[in-house]
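**Student:** Sequence and predicted structure below; questions after.
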Amino acid sequence: GQAWFCFADVTRDADWKQMIASCVSQMGRLDAVVNNAGWTHRNRPALEVSEDEFDKVYAINMKSIYLSTIHAVPVFKKQGGGSFVNIASTAGVRPRPGLSWYNGSKGAVIITSKSLAAEYGPDNIRFNCINPVFNPDTGLSAEFATGGEKPLFVIPNGGGLGYGLFRLDAGTLRYLVEHLEELGDPLTRGSAWVDVWENLLEGRVKPAEMFALAVRALPRETDEQNTQRVLGYLGRTFWQQMTVAERGARSVDLEALLRDGLGKAKTASLKSAWFSTYRDVVLSGAGLAWVEKVWRREEKIAGLSFAEADEIEMALNLALRAVPGWQQILAAQRDRTQNPDRKARFEFVMPALSADAVEREKAFAELREVRNRGHEPWALERLRFLNHPLRGAETQKFVGPALELLPEIRRTGDIFFPKRWMDATLGGQRSPEAAAAVRRYLAAHPELPERLRWVVLNAADELFRAGR
């Protein structure tokens, strides 16, 4: 491509006239105008902003769009269409104190762009806005920050309103990895945890860093919702982001942390969250022996009682880890289960817990028959245990057949069954071989309906990321 420079002041009518004319002369036509110039007064109370500063904000941020429209629209009309991309800001939809006049100018950009889009749409002229968030690495970072100093960190969704991936700047990411637990406001901490997790999935935070942050932060966390969220991230990091060796090296210390948190938790719901995480990640012989004592009702946990469903989960996880006497544990749990539906579900899932690989293959083969998928939650639970990370490389043999069943799953199951089927298949997979199997399937089935293709890609997202 070619680039061509034209010096101009975006607040001057004559400069816009010359710039548009020069573009048409140099390039032969005008296809798009990107209004990217912007400026702000320093972060301060609205009454302390001078009239000159106010005028400059609106001249650069808003008048420039007026002038570009005046001079570019006639050219676009003559050509049969064109496009404006106006850079606004999240400040125009979610204003913060200290930048009131800047916020107003960006709100004006958004509303004006919508109005112009409605007015000139019939002429095939498009107006679109992009609302970026503050980046402390830009030249105006000091102006945006209170007191004119570059901030230690910027959390775009700190008020809990943002949704999606926010690619944090390097300085913010490093600060949060090292100091997130020091943030005073629970909502801000919760938002920061979401951002750090999303950036981990993007490969910008190492699993070991995320694990160390969670281990360091959990004892200090005072908000129950945040604690439950961090426990969830800790478990997902442990199983989905770490290697077998990394899990083995950290399991004993992790179990000690979780036992300590369980003992100190103030509410039954919080104790349940700590215990559930412990049950799901425990690997050591001593830890498994303790869970078995709890399951046998030989050990009590102060402030926490267990329902039938809780004891079922303990029995399944003990059997998955093949503790001594696991067959007897399953049999005893089946006999002690009183609810008929839970008993039937438990019996259906039991074959997936077998230590015999042949039996587990039979358990998967039975899922090929639609009658064995009639209770979809039962089928999904069996499939999840068959693909648990503790089964290692053996689970790879189920990936291809499960994918091949997907069109039938869609025809015979609930509308949400295909996505849940793929999540149960791929949720425990992290190997390059499993990722390759998914890609082979997609390449071999170009006829796959787009919705099913997206189901597969969505379920395989973390698997593909793990192979980066």
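**Tutor:** Arrived safely.

**Student:** Okay, strands next: where are they in the chain?
**Tutor:** For the chain, the strands identified by DSSP state E occupy 32-35, 82-87, 125-130, in order along the chain.

**Student:** Name the strands paired with the shortest one and say parallel or antiparallel.
**Tutor:** Taking DSSP bridges as the criterion, strand 32-35 pairs within the sheet with strand 82-87 (parallel).

**Student:** sorry, back to before: for the strands of the chain, state which one has the densest average packing.
**Tutor:** strand 82-87 (a mean of 20; mean count of other C-beta atoms under 10 Å). Placement of C-beta: from N, CA and C, glycine included.

**Student:** what's in contact with stretch 184-201?
**Tutor:** Taking contacts as C-beta atoms under 8 Å, 6 or more residues apart in numbering, the residues outside stretch 184-201 that touch it are 155-160, 162, 165-168, 173, 176-177, 180-181, 183, 205-207, 209-210, 213, 221-223, 225-226, 229-230, 233, 237, 241, 461-462, 465.

**Student:** and if you look at stretch 237-250?
**Tutor:** The list of residues contacting stretch 237-250 from outside it, by C-beta under 8 Å, 6+ apart, reads 200, 207-208, 210-211, 214, 254, 281, 283, 389, 392, 427-428, 430, 462, 466.

**Student:** tally of neighbours for the closest residue in space to Arg220 that isn't next to it in sequence?
**Tutor:** If the residues on either side of it in the chain are set aside, Arg220 comes closest to Glu181, at 4.9 Å by C-beta to C-beta, 6 or more residues apart in numbering. With neighbours defined by other C-beta atoms under 10 Å, the count for Glu181 comes to 19.

**Student:** try the one 5 residues further on
**Tutor:** Counted with other C-beta under 10 Å, residues neighbouring Pro186 total 15.

**Student:** again, but for Val358
**Tutor:** Summarising burial for Val358: neighbours were counted as other C-beta under 10 Å, giving 8.

**Student:** Mark which of the contacts of stretch 237-250 are buried, thanks.
**Tutor:** Burial by neighbour count, 16 or more other C-beta atoms under 10 Å: within the contacts of stretch 237-250 this picks out 200, 207, 210-211, 214, 254, 281, 283, 389, 427-428, 430, 462, 466.

**Student:** Keep only those of the residues you listed that are in helices.
**Tutor:** When the buried ones among the contacts of stretch 237-250 are checked against helices (DSSP state H), the matches are Leu200, Pro207, Met210, Phe211, Ala214, Leu254, Val281, Glu462, Ala466.

**Student:** hang on, the earlier thing: possible to save the buried ones among the contacts of stretch 237-250 as TSV with pLDDT and distance to Asp335?
**Tutor:** Written out in TSV, the entries for these read as follows (pLDDT from 0 to 100; distance: C-beta to C-beta, whole Å):
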residue	pLDDT	distance to Asp335
Leu200	94	43
Pro207	93	41
Met210	96	42
Phe211	96	39
Ala214	97	38
Leu254	96	33
Val281	96	28
Leu283	96	28
Pro389	94	30
Gly427	92	30
Gly428	90	29
Arg430	89	36
Glu462	89	38
Ala466	79	40
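
**Student:** Put together CSV for those residues, with distance to Trp193 on each row.
**Tutor:** Converted to CSV, the buried ones among the contacts of stretch 237-250 look like this (distance: C-beta to C-beta, whole Å):
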residue, distance to Trp193
Leu200, 11
Pro207, 15
Met210, 10
Phe211, 13
Ala214, 9
Leu254, 18
Val281, 18
Leu283, 25
Pro389, 23
Gly427, 21
Gly428, 23
Arg430, 22
Glu462, 17
Ala466, 20
